[in-house]
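Visitor: when you get a sec, could you give me coordinates for this:
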Amino acid sequence: MARKVFRSGNSSVVSIPPEVLEVVGLRTGDEVTVTADVERQRIIIAPAVPELPDVREDLLEQVDRFIQRYRPALEKLASEE
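Guide: Predicted coordinates for the structure are as follows:
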């Protein structure tokens, strides 16, 4: 799906459709990383991963898989009072 690049202050901005945000598990206000793939001339936007120097990478990957698999249940639990 084509999107336009527009200006907002001193920055260039591209809107991200809600269905794309949903697929990658992002919401408005979440932090992302923006990098350039120079060889392929692409911009890569990915959910930001906080720096946790004392946590093993394999544990972070396991937690990420768990969250992805059980996201609907976790969101339901979080919304219950």
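Visitor: looks like Arg7 contacts Val13 (just checking).
Guide: Yes: if you go by CB atoms under 8 Å, Arg7 and Val13 touch, sitting 7.1 Å apart. Yep, even glycine has a C-beta here, placed from its N, CA and C like the rest.
Visitor: more neighbours, the two?
Guide: Legend: neighbour count by other CB atoms under 10 Å for Arg7 and Val13, higher for Val13 (12 against 8).
Visitor: the more buried one against Arg3, yeah?
Guide: No: contact criterion CB under 8 Å: Val13 and Arg3 do not qualify, at 9.8 Å.
Visitor: could you measure from Thr28 over to Ser15?
Guide: Note on Thr28: its distance to Ser15, by CB to CB, to the nearest Å, is 11 Å.
Visitor: which one's more surrounded, those two?
Guide: Ser15 (10 against 7).
Visitor: tell me the SS of the more buried one?
Guide: coil (DSSP: H, G, I helix; E, B strand; the rest coil).
Visitor: roughly how far does it sit from Arg27?
Guide: Applying CB to CB, the value for Ser15 to Arg27 is 14 Å.
Visitor: go on, Asp64?
Guide: With distances taken as CB to CB, Asp64 is found 16 Å from Arg27.
Visitor: those two: who's more crowded?
Guide: Using other CB under 10 Å as the criterion, Asp64 and Arg27 rank with Asp64 on top: 13 against 8.
Visitor: name the element that one belongs to?
Guide: helix 57-79 (DSSP states H and E).
Visitor: spatially central residue in this protein, please.
Guide: Pro47 (2.6 Å; CA atoms, centre = their mean).
Visitor: flag the shaky bits of this protein, pLDDT-wise.
Guide: When residues are selected by pLDDT under 70, those of the chain lie in 81.
Visitor: ok, now which ones touch Leu26?
Guide: Taking CB atoms under 8 Å, 6 or more residues apart in numbering, we find Leu26 in contact with 16, 32, 47.
Visitor: Ile44 is in contact with the second one, correct?
Guide: No: judged on CB under 8 Å, Val32 makes no contact with Ile44 at a distance of 9.7 Å.
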